[in-house]
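> Okay, sequence plus prediction incoming.
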Amino acid sequence: AKTVLLDKTGTLTIGQPELERIIPLGDHDADEALRLAASLDQMSAHVLAESLVDGAAARGIELALPTGVKEEPGRGILGDVDGHHVAVGSSAWLEANGYDGAHDHARAYDAGDEAGRAKILVGIDGALAAVIVMGDRLRPGADTLAQELHEAGIAHVALVTGDRPEIADEVARNVGIEHVYAEQLPEQKLTVVSA
């Protein structure tokens, strides 16, 4: 082998993101935004969705059963919770579903302690309601993996992830990977592998 492509979540990182902060943006307080988002995310198998549900449970928040759920894997999920239309996912997913400004809100929290953290956007009834900041730690030994692969004769080590460039670049810097393919949907990851 001359090339190794690595995913981020669960490969370079532990794969158990933790809820770090909820930033309310509208009429709903942090707990209500989390309750609605986590209620919807019960229907998703995505690792960030599972972590969001776990974060709500750890706070003692009782979840409701959503209806009319539609998910695009790796991007986001829509549905109805307790009479509210809720959207949870990436800024691109929310913008594609009519939540203008989602991209700018996600980028507004890319400095300081929140740099390199996943940002989940929550939209409720057509308005942005919250930014949820999630963190995931590197796996033990991940910081030396790229160097060890190069020493074993691997010429090209790259990170291929669905995460935004800011997050992907931060992880790549921390583990010594020079090439990053960010914001890749599952089918795009296959295209990178084929190439």
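Now that the structure is in, tell me what you want to look at. Everything numeric here is computed off the predicted structure, so don't read it as measured data. Numbers count the residues shown, from 1 in each chain.
> measure stretch 147-164 end to end?
One end of stretch 147-164 to the other measures 24 Å (Cα to Cα, to the nearest Å).
> ok, how many other residues are close to Thr3?
Applying other Cβ atoms under 10 Å, we find 12 residues neighbouring Thr3. Every residue, glycine included, has its C-beta placed from N, CA and C.
> now swap in Glu170 and tell me
For Glu170, the neighbour count with other Cβ under 10 Å is 16.
> With Gly60 instead?
7.
> Which parts of the chain are helices?
30-41, 47-58, 91-96, 102-107, 142-151, 165-175, 186-194 (DSSP state H).
> highest average neighbour count across those?
Among the helices of the chain, helix 30-41 has the highest mean neighbour count (mean count of other Cβ atoms under 10 Å), at a mean of 25.
> Tell me which other helices or strands the longest strand along the chain touches.
Determined from DSSP state E, the single longest strand within the chain is strand 127-135. The criterion is 3 or more Cβ pairs under 8 Å, 6 or more residues apart in numbering; DSSP states H and E, and the helices and strands that strand 127-135 contacts are strand 18-24, helix 30-41, helix 47-58, helix 102-107, strand 118-124.
> Quick one: distance of it to the chain centre.
In terms of Cα atoms, centre = their mean, to the nearest Å, the centre of strand 127-135 is set 11 Å apart from its chain centre.
> Average pLDDT for it, rounded please.
In this model, strand 127-135 has an average pLDDT of 92.
> Looking at the helices and strands packed on strand 127-135, spot the one closest to Ser90.
strand 118-124 (6.9 Å; Cβ to Cβ).
> returning to that earlier point: minimum distance to Arg75: which of the helices of the chain has it?
With Cβ to Cβ as the measure, helix 91-96 is the member of the helices of the chain nearest Arg75 (4.2 Å).
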